[in-house]
Each structure stands twice: as structure tokens, then as C-alpha cells.
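with the sequence up front, the predicted model follows.
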Amino acid sequence: MNKNVAVIGFGKIGPSLYKRLVRTGYNVPFIVISSGIYEPRLGRKIGERSDLKAHLNDVDVACLTISTKDNGETARDYILEVLSLGIPIVICEKGALSNFYSELKPYLNRIGYSATVGGGERLKKSMQL
């Protein structure tokens, strides 16, 4: 596979996503958390959050796994930063799209998202709609 995937956020979703990515053959060169940028296998800090653009140079896609703790401003900033380099992004966060839709609408073709209700509970499948 040899695709490089950046993981932004390492709370509830990030660790599981990281494990699945590695298990299926993707390379995760770094993870981003609020205190900086880290090499995931060693947990060694390799940069500051402000250095993100420099680390994204060899990334094929980014996955944003932060939760909405503000109005989605933090997620929007990450999304726009990644997209400014021409890198597609997959998001699990809903605040940015719901509160900044008009700003992000021109980029929807490069943003992977889902409005799943109930997260991993598979409610849609259970409801058989």
C-alpha cells in the first residue's frame, strides 16, 4: 500500500484508527495532538503543532479525529491547513461542517465525511431504513 496517512487527534478514535491503518498496510509517519507532533511508534516528539505544514509534505491523506469542543473552529483550521497543500482529508468531527459549511463547501470534493448518528453503534443498520 505504502500510502502515508497523518492522524490528527489521538483521543477516543485516533488510537483505534492508527492501529487499523498500520494493520492494513498504511504508513503513519506522525500523529498530531495539542502538545505537538509525535512519531507514533516511539512516542517521541518531532515537532510543534505550528510545524504541521512542514510535516505534511510527504502525506497522501490526513485523518482528523478530534472531537468538537468549540464551534468547530479548531477542526476548520486543521481542514483548511491540510487542504491548502492539496492533501485530501477525512474527518470524524461534525462541528466544522455544520458551523462553517459555506466556508468549506468549495472543498467538499476533497473532504471525506459522514454524518453518522450514534457513532460506532451502527444505528442506521439496526434501524433498517
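It's in.

switch to C-alpha atoms for all contacts and neighbour counts from now on
OK.

make sure residue 37 is indeed in a strand.
Yes - per DSSP: H, G, I helix; E, B strand; the rest coil, residue 37 lies within a strand segment.

based on its surroundings, how many neighbours for it?
By other Cα atoms under 10 Å, the residues close to residue 37 number 23.

who does it bridge with?
residue 32, residue 47 (DSSP bridges).

surely it touches residue 30?
Yes - between residue 37 and residue 30 a contact is recorded at 6.5 Å, counting by Cα atoms under 8 Å.

what sits against the residue nearest to residue 28 when sequence neighbours are not counted?
For residue 28, ignoring the flanking residues on the chain, the nearest one in space by Cα to Cα, 6 or more residues apart in numbering is residue 5 at 5.0 Å. If you count contacts by Cα atoms under 8 Å, 6 or more residues apart in numbering, residue 5 has them with 26-29, 59-63.

buried set for the helix or strand residue 5 falls within?
In this structure, residue 5 sits in strand 5-8 according to DSSP states H and E. Across strand 5-8, burial judged by 16 or more other Cα atoms under 10 Å covers 5-8.

still on that earlier bit, how close does the residue nearest to residue 28 get to residue 27?
6 Å (Cα to Cα, to the nearest Å).
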